Structure formats: structure tokens, C-alpha cells
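Visitor: Structure of the sequence below:
(chains A and B)
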Number of protein chains: 2
Amino acid sequence: MELEKFIRDVPDFPQKGIIFKDITTLLKEKEAFQHVIHLMEEKYKGKHVHKIVGIESRGFIFGGVLAYLLGCGFVPARKPGKLPAETIQEDYALEYGTNTLELHVDAIAEGENVVIVDDLLATGGTAQAVAKLVERLKGNILGIEFLVELDFLNGREKLDGYTISSYLHY
Amino acid sequence: MELEKFIRDVPDFPQKGIIFKDITTLLKEKEAFQHVIHLMEEKYKGKHVHKIVGIESRGFIFGGVLAYLLGCGFVPARKPGKLPAETIQEDYALEYGTNTLELHVDAIAEGENVVIVDDLLATGGTAQAVAKLVERLKGNILGIEFLVELDFLNGREKLDGYTISSYLHY
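Guide: Numbers count the residues shown, from 1 in each chain, chains lettered A, B, ... in the order given. Predicted coordinates for the structure are as follows:
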């Protein structure tokens, strides 16, 4: 299936000069949505995944389905102040300033097999922060799944050593 | 299955005096997560659902799986500034001030059958705003699904006329 044709280019979003790759036009087409999910599922079927970590908030859409299909638990990685119980945090750099992501301290047990899921691999900072969080909880990262990868931002370099999958490249 | 035992009470979150019902302890247990999903799926199997609208951001987790299982498209209802293309907006009242939710104008076609999904029914303001958005796009709302309902806030009254389901009551 040609996934490219389900992605909408939105010029000048979120700021002038950027062409935003809109995945909502893929999500609303059942065949395209199912196709992406099956590509991700195929990679981890029979691999004894214990937890899918979905990154807020588009990672929740793919991550939830993947957890269901693989028969494992779902864990949200969230922005500060959203997870109610005790958390650990990691900061990551943005073009200007930093952001933070959190996991509940009891979200992953030592030695559990974990797959991290997000919609987009850009600079890799977000996924790197989540990978650090998972490893602080002593989870074993089997791989990181993205729908879209912006190759020119070299996010893969930051995630060196992890198994990275993405299904659409720009 | 006794879903109650998978929900964690977090006192004084997000503010002093509130006991927060944390669903992340349910999401991370595969049997509980799957059970909830099957309860929601059961309601709409064979009902020709065209779109699941998930409300940002915990509604994305359940909504994504439901769209997959029912074989329909997924549509995110998001906070302002997150959806990149042309949107419609609805405001809803909070205790102090208002919030806004958006849908892409082309997210739902006229006459499509829609199910709205969120994790929590509190005052009903959020779901009511999303229902209005769906109806402005001439979607046909089959029902609104919640995992948890806070009965004492009477959110159902605000959603009078819609088919409401929830699986845990406080």
C-alpha cells in the first residue's frame, strides 16, 4: 500500500516555511490505519513484549492498538503534571529551550520487554528521553516504532544502538 | 471482571482534596485493558460505525483500538493549535474559564455514523463540545463511550438524548 498518498502536506504549520506532514488523513481511512498497525504488529509478534510505551499524544493512537494486538500492557509517556502518581522525568532539548517527559515509577518492572511507539521521528530527542526513562526502570527496549521519519533531521543518530522502524520517509 | 481493583486512587491530585482516579494501572494490565476494549466493541459490532472520534488525549488510547476492531477510521478531537489543517471549534465551560476543542472540517462526512470515546465522564462539558462538533459536520452520533463516570457530577444530564456507556462508576 502506498502510504504516502494518505499523508496531507500542510504548508506553514506550525510556523512559516515548514511543511507539516498531517497523519490525520491516514488515520481516518480504515485500510491505511489497519495497514500501518499490521506493519508494526508484524515486527513484534511472538517477541514476548510486556509493555508498549506510547508517547503523548499521537503515540497513544498507535500504541494502544499495538498493546491490544500483542496482548500486553499499555504505558503512556506524558508531559509534566499529567501522570498523577510518583514519576521519573527526563528533559530533552528543543530548538529553543527544553521539554520534559515522565513515566510512572511503577509503569515497567525490571527486565520487561518494551516497545516505544510514536508517530514521528524528527530530531529523536523525544524518543531518546523516553528510552532513558525505560532504562532507568530497567526495562529492556526491543525497538522503537514510528510511522513517519524525517530523514534529513538525522534522528536515527541520536537513537544509535536501538532497533528503529519507520514506514514513511521524507 | 472487577475493573475497580485496577484503578488507583491518588489523593490530592490535581489539587488538594480531590481523589484522582488513575486509569494507568488498568492500562498496564493486559487482561483489564482487553476487557474494557471488548465491552466497548460489543456495543457497536455490526452497527456500521464509520468514524471513532477520540478526545485528546486519553480518549486516543481506547479510541484507536476501537477504530481498529470495528474496521473504521479514527478521528482525533484536539486542543487548539494541534490540528494543522482547517478546523471547526467549540468552547466549553470549566470551573474557572473555558477550554476549546477542534475537529478538522473534513474529518467526518455528512451522514457518517460516529462513536465518541473518552476515558472519563465528569461534568460532560468536553463530550458535549465534541458532540456539537460532530453534528456541525452532519455526523450521526451512535453513542458516547467512557471508561469511568463520576456519577455525582451529573454529566449525563448535559448529554441528554445521546446513548451513553460507562463501565466504572464513582
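Visitor: Residue A:49 and residue A:113 touch, don't they?
Guide: Yes - counting by Cβ atoms under 8 Å, residue A:113 is a contact partner of residue A:49 at 5.2 Å. All C-beta spots, glycine's among them, are computed from the backbone N, C-alpha and C.
Visitor: These two: which has the busier surroundings?
Guide: Neighbour count, other Cβ atoms under 10 Å in any protein chain shown: between residue A:49 and residue A:113, residue A:49 has more, with 21 against 17.
Visitor: And the helices in chain A?
Guide: With DSSP state H applied, chain A shows helices at A:24-27, A:30-44, A:58-70, A:125-136, A:155-158, listed in chain order.
Visitor: for these, which one ends up most surrounded?
Guide: When those are scored by mean count of other Cβ atoms under 10 Å in any protein chain shown, the highest mean neighbour count falls to helix A:58-70 (a mean of 27).
Visitor: mind listing what the residue sitting nearest the centre point of chain A touches?
Guide: Central residue check for chain A by Cα atoms, centre = their mean: the C-alpha nearest the mean position is that of residue A:118, 1.7 Å away. Contacts for residue A:118 (Cβ atoms under 8 Å, 6 or more residues apart in numbering or on different chains) come out as A:54-55, A:58-59, A:62, A:126-127, A:130, A:144-146.
Visitor: do residue A:157 as well
Guide: When contacts are counted by Cβ under 8 Å, 6+ apart, residue A:157 touches residue A:124.
Visitor: For residue A:156, give its distance to residue A:52.
Guide: Here the criterion is Cβ to Cβ, to the nearest Å. By it, residue A:156 lies 21 Å from residue A:52.
Visitor: Oh, that last question was meant for residue A:113, not what I typed.
Guide: According to Cβ to Cβ, residue A:113 and residue A:52 sit 10 Å apart.
Visitor: Likewise for residue A:104?
Guide: From residue A:104 across to residue A:52, the span is 14 Å (Cβ to Cβ).
Visitor: Between the two, which is the more surrounded one?
Guide: For residue A:104 versus residue A:52, neighbours defined as other Cβ under 10 Å are more numerous around residue A:52 (30 against 23).
Visitor: you'd agree that one is up against residue A:66?
Guide: Yes - because the distance of 5.1 Å satisfies Cβ under 8 Å, residue A:52 is recorded as touching residue A:66.
Visitor: any shared contact partners between these two?
Guide: Taking Cβ under 8 Å, 6+ apart as the contact rule, the neighbours common to residue A:52 and residue A:66 are A:115, A:117.
Visitor: Tabulate the helices of chain A (a markdown table), appending mean pLDDT and distance to residue B:74.
Guide: Supplementary listing: the helices of chain A in a markdown table, determined by pLDDT from 0 to 100; distance: least, Cβ to Cβ, whole Å:
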| stretch | mean pLDDT | distance to residue B:74 |
| --- | --- | --- |
| helix A:24-27 | 98 | 4 |
| helix A:30-44 | 98 | 6 |
| helix A:58-70 | 98 | 6 |
| helix A:125-136 | 98 | 21 |
| helix A:155-158 | 96 | 25 |
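Visitor: could you dump those helices to TSV with distance to residue A:2?
Guide: Putting the helices of chain A into TSV (distance: least, Cβ to Cβ, whole Å) gives the following:
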stretch	distance to residue A:2
helix A:24-27	11
helix A:30-44	9
helix A:58-70	19
helix A:125-136	26
helix A:155-158	23
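Visitor: Point out the one among those that comes closest to residue B:28.
Guide: Closest approach to residue B:28 among the helices of chain A (Cβ to Cβ): helix A:58-70, 9.0 Å.
Visitor: From the chain's centroid, how far away is stretch A:15-28?
Guide: Centroid separation between stretch A:15-28 and its chain, computed with Cα atoms, centre = their mean, to the nearest Å, is 17 Å.
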